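> Need coordinates for the below:
(chains A, B and C)
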Amino acid sequence: MSFEIPIGPQHPALKEPISLRMTVEGEVITGVDIRLGYNHRGLEKVAEDKNWTQNIYLTERICGICSHSHATCFVQGVERLMELAPPKRGLYIRYLISELERVHSHLLWLGVAGHEAGFDSFFMYVWRDREIVMDLLEMITGNRVHYAINTIGGVRRDLDEGQKAKVLEGVATLKKRSEYYLRLGATEPSFVARIAGVGLLSYEQAVSLCATGPVAKASGVARDVRKEDPYAVYDELDFELCTADTCDVLGRVVVRVKEVLESYKMIEQMIKGLPDGDIACKAPRKAKPGETVSRYEAPRGENIHYIKANGTDKPERLKVRAPTLGNYPATVEMLRNGFIADIPLIFAAIDPCICCAERTVTLIGARSGEESVVRMSDLRRKALARPLNAGVKRNAVWPF
Amino acid sequence: MAVLRTLLYLLVYPGLLFLFVYSTFSEWFDRKVYARLQNRMGPTHTGRFGLLQPIADFFKLMAKEDVVPEAADKKLFSILPAIGLAIVSTAGLLLPVWNFDLAKAGWTSFPGDIIVILYLLSLPTLILFLAGWSSTNLFSTIGASRVLTMLFGYEVPLFLAVLSPAILADSWRLAEIAAFYQARPLLLLANLLGFLVALIAVQAKLERTPFDIPHAETEIVGGTFTEYSGKKLALFRLTFDIEMVVASGLLAAVFLGGFPGGAILGFVQFVVKTLFIIFLLSLIRALTSRIRIDQVISFAWKALAPLAVLQLLVTILLKGFLP
Amino acid sequence: MSDTDIVESLKRDLGAKALELTNPAVRRIFFKVATADLVPAVTLLRDKYDCAFLSTITGLDAGETFEFLYHFASPVTTIHVRTAVARSDPRFPSICGVIPGAVLYERELQEMFGVVVEGIPDGRRLNLPDDWPDGQYPMRKDWKHVRPQEIIPGGES
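Modelled structure (predicted):
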């Protein structure tokens, strides 16, 4: 007897609304239909009406967990359009925050995977350690989420010696604990029994369906934007590309924990090798006409921004493709022939950042009476309008 | 006088009032142990050390709005929590805590009462299935079918494990079994394997991690409880707390030598022994992750059932050698 | 292979079909093809230049034409293929036969720009709601949204 189970748009397994309609026979899934659109906010259209600086704030709010990825990817592209060369110190600080964000995002995901698998103790321990990273980020940038540290031409806040020492301390503690989680995640029998062999995606499928990030790495596809297209400081840092060859959720757990350990190495290198100098250079108001493609390795995969400028202070076109959208066809493949019990685990294993994946068009205005979606988008647009008039401080000196 | 004692037995100890208070206390104990193992605080503010938290939860739920889905079978939907509560409370009456005379059989302690208590403890599973079924919600149906599937797994090992000490003690009456082991405490060690099997099987019966698939929050919303709210949900949760107490009481009576010493000392022994078993159950809950339904069944039949049969064999052999 | 090698190789393989072949920055190669040559060019990129990974497809409203950029990434460089269709007849072939992962990006193009992708395996809307009216293509430059006047009870709007 086959019937359709709707997972979403509202479901405890999902952190954001998305509708997956599964056709099931008994406990086996025979077909999946992903329906998107619940988190539309019309960011690409809105970006055409805002100037370059306002767009940094806009792109930052594409997502909460990977906010710095979007802002950095955008700022990288704009700096290339404006032919700016940000100072080394600014770049180091910017990518230090990137790696800290990668750590925080992967730890968050690890806890969520534990929770989806029913291993609540693991979830609690990992999130306790994530607080160390959040405290470090708050110390450096002033915010736990939405760091707002990028500006066109560099960063807005500087690091002093005390902060550097604290970062090194925090990273040392986290390193010990992360190694413990690697052992735990890979060897605890009930957890491994739950996640091994689940959500299989073979190497050929990963390549043909254009999977990206840890999802592809767990299937043995060794591609990472930091290695292939090294931007800014990554060609000066020494780190390894982590892959696994089990092609299942266990592989994704292992890949992410290994990436976290590599990030600790990178953070230490960046702190110890932080060059002196300015943290930002002055950016012009208008950009010369041209187009640029900016790629960035977000915690979830490859983030790509295409920016076209037409000589004014507003972009002609901003196209954002967040990594989760690229992983959806692979998700459909992974869910097929799985069990219902594995749905949240498989879906969580791609580390979905659904609000990243749907930004394209304004949702409001076409409907007259429909309440819920309209009001949500209205609220979000109001939230976007708030930081419009926030000034940008260049070369700000940390006051403490 | 006898009427007064009976009323005291039914309503106060070990009747409804005691079961209510003690089951909320054991829920507090379970939540506190679980939280401390996870480096958290657990209930802290309500009452001293958070002791009143489960009672507060119960009364809060009683005060909430009760929504019955339109497509559900209203009569069945509404009556099931009350029936469940009645069943487990009756099972609680059969524990040999006091008011029983070892020489002659009474209403609450008679030969065969171990079978009756096991039967009464199996009924809540059926009640859960009916609750999920009568909700006519897709997630409840899946939860209900999982509940019954799990029943096929753990019931046999549980029965075999609990009945082995009974065979050794040569009696089907809980009070006599407890008295047998009180006289010969060393024989308790012969039942260690059965104790472990029964512990794991009870964890499955109570639907706690690693066996909490029927109401796995992240997969099927609330499982069998998805549509329940307000008073009905409060009664269901109370049913499960009392079931935990009664099952631990059963295990304590059979494997840990019962509760000797009359009313007062027996009460202390009851509390200590059941808390020990609940502590073990909380440990298992904190240290493992949820496993899939097919893995439960294969684990139950490949690991638990053979161990329970082994325990039975050991018991039978031992009986041959005992005077 | 460095960028210049790849550019030379592309010139040899595609010849006159690759218009406006540029290398404006490190690891960025752009070229333009007509819509008829799109599928063969993509097949060539996938087989010979190790570009099985499609990052995304960008749509641009350039007035008289719609331009589409296909962003491919190989382990050594990124290659971006441009194609254009007239606004009056926006049809072009789908590359889903070559790159199965392109279906979501093409669905997005269809609903946002109102173009028709021929041979797309699944042509439903991707992001827009089910009751979005037909004929409204939000990413076109002439589609504007006027924000409704906010009414604050008891105050200035």
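
> How many residues are close by residue B:73?
Residues within reach of residue B:73, counting by other C-beta atoms under 10 Å in any protein chain shown, total 15. For glycine as for every other residue, the C-beta is placed from the backbone atoms N, C-alpha and C.

> Who are the contact partners of it?
B:134, B:136 (C-beta atoms under 8 Å, 6 or more residues apart in numbering or on different chains).

> Likewise for residue C:83?
C:32-35, C:38, C:67-68, C:70, C:92.

> ok, of these, which one's closest to chain B?
residue C:70 (38.0 Å; C-beta to the nearest C-beta).

> Let's see which of the contacts of residue C:83 end up in strands.
Applying DSSP state E to the contacts of residue C:83, the entries found in strands are C:32, C:67-68, C:70, C:92.

> between these, which is nearest residue A:140?
Set against residue A:140, the nearest of the ones in strands among the contacts of residue C:83 by C-beta to C-beta is residue C:70 (38.7 Å).

> Just list the residues touching the closest one, thanks.
Residue C:70 neighbours (C-beta under 8 Å, 6+ apart): C:42, C:54, C:57, C:80-83, C:95.

> again with residue A:232
Residues counted as contacts of residue A:232 (C-beta under 8 Å, 6+ apart) are A:76, A:91, A:94-95.

> Check the contact between residue B:53 and residue B:32; I expect there is one.
No: the pair residue B:53 / residue B:32 is not scored as a contact, 9.3 Å apart, by C-beta atoms under 8 Å.

> Now do the shared contacts for the two.
In contact with both residue B:53 and residue B:32: residue B:43, using C-beta under 8 Å, 6+ apart.

> And the closest residue to residue B:97 other than its chain neighbours, how far from residue B:267?
Among residues not flanking residue B:97 along the chain, residue B:14 sits closest, at 5.1 Å (C-beta to C-beta, 6 or more residues apart in numbering or on different chains). Separation of residue B:14 from residue B:267 (C-beta to C-beta, to the nearest Å): 9 Å.

> Show me where chain B has its helices.
Remark: helices assigned in chain B by DSSP state H are B:2-7, B:16-37, B:53-63, B:74-93, B:113-134, B:138-169, B:174-183, B:192-205, B:217-220, B:230-255, B:262-287, B:293-299, B:305-321.

> hey, least reliable of those helices by pLDDT?
Set side by side, those give their lowest mean pLDDT on helix B:217-220, at a mean of 56.

> can you pull the contacts of the residue of chain B found nearest chain A?
Closest residue of chain B to chain A, C-beta to the nearest C-beta: residue B:290 (2.5 Å). Shown in contact with residue B:290 (C-beta under 8 Å, 6+ apart): A:117-119, A:190, A:194, B:209-213, B:216.

> By neighbour count, which of those wins?
Top of the contacts of residue B:290 by neighbour count (other C-beta under 10 Å): residue A:117, with 30 neighbours.

> Make sure that one is actually in contact with residue A:349.
No: using C-beta under 8 Å, residue A:117 makes no contact with residue A:349, being 10.2 Å away.

> buried stuff in stretch B:122-132?
By 16 or more other C-beta atoms under 10 Å in any protein chain shown, the buried positions in stretch B:122-132 come out as B:122-132.

> Now do the residue nearest to residue B:69 when sequence neighbours are not counted against residue B:144, distance only.
Using C-beta to C-beta, 6+ apart and skipping the chain neighbours, the partner closest in space to residue B:69 is residue B:227 (5.2 Å). The gap separating residue B:227 from residue B:144 is 11 Å, by C-beta to C-beta.

> How about residue A:99?
Distance, residue A:99 to residue B:144, using C-beta to C-beta: 48 Å.

> Show me which of the buried residues of stretch B:122-132 is closest to residue B:167.
For those, the nearest to residue B:167 is residue B:122 (19.9 Å; C-beta to C-beta).

> Name the nearest residue to the closest one, ignoring sequence neighbours.
Here the nearest residue to residue B:122 in space, its sequence neighbours aside, is residue B:155; by C-beta to C-beta, 6+ apart that works out to 6.6 Å.

> quick one, helices of chain C?
In chain C, the helices defined using DSSP H lie at C:3-14, C:38-48, C:103-113.

> hmm, the longest one in reach of chain A?
Right, helix C:3-14. No: using C-beta under 8 Å from any C-beta of the partner chain, we find that helix C:3-14 stays clear of chain A, coming within 11.9 Å at best.

> could you give me the average pLDDT of that helix?
For helix C:3-14, mean pLDDT is 83.

> got the contact list for it?
Residues outside helix C:3-14 that contact it (C-beta under 8 Å, 6+ apart) are C:1, C:18, C:21, C:23, C:26-27, C:29, C:31, C:33, C:37, C:41, C:44, C:48-49, C:76-77, C:79.

> out of the residues you listed, which are buried?
The neighbour count (16+ other C-beta under 10 Å) marks C:18, C:23, C:27, C:29, C:31, C:33, C:37, C:41, C:44, C:49, C:77, C:79 as buried among those.

> near chain A, which of the residues you listed show up?
Among the buried ones among the contacts of helix C:3-14, proximity to chain A is found for residue C:27 (C-beta under 8 Å from any C-beta).

> To be precise, which single item in the buried ones among the contacts of helix C:3-14 has the lowest pLDDT?
Within the buried ones among the contacts of helix C:3-14, pLDDT is lowest for residue C:18, at 79.

> Touching, that residue and residue C:41? I think so.
Yes: at 7.5 Å, residue C:18 and residue C:41 qualify as touching, with contact defined as C-beta under 8 Å.

> Can you work out which residues contact both of the two?
Shared contacts of residue C:18 and residue C:41, counting by C-beta under 8 Å, 6+ apart, come down to residue C:33.

> Tell me how far the residue nearest to residue B:69 lies from residue B:296.
To residue B:296, residue B:227 is 24 Å away according to C-beta to C-beta.

> Of all residues in chain A, which one is closest to chain B?
As assessed by C-beta to the nearest C-beta, chain B sits closest to residue A:118 within chain A, at 2.5 Å.

> where does the residue of chain C found nearest chain B land on pLDDT?
In chain C, no residue comes nearer to chain B than residue C:130, which is 21.5 Å away by C-beta to the nearest C-beta. Each residue has a pLDDT score; the one for residue C:130 is 76.

> State the phi and psi torsions of it.
phi -70, psi -30 (degrees, to the nearest 10).

> For it, grab the count of nearby residues.
8.

> Pull the contacting residues for it.
The contact partners of residue C:130, by C-beta under 8 Å, 6+ apart, come to none.

> could you point out where chain A is predicted with low confidence?
For chain A, applying pLDDT under 70 flags the ranges A:1-3, A:8, A:11-15, A:27, A:340-341, A:354-400.

> please redo it, this time with the cut-off set to 50
For chain A, the stretches flagged by pLDDT under 50 are A:360-400.
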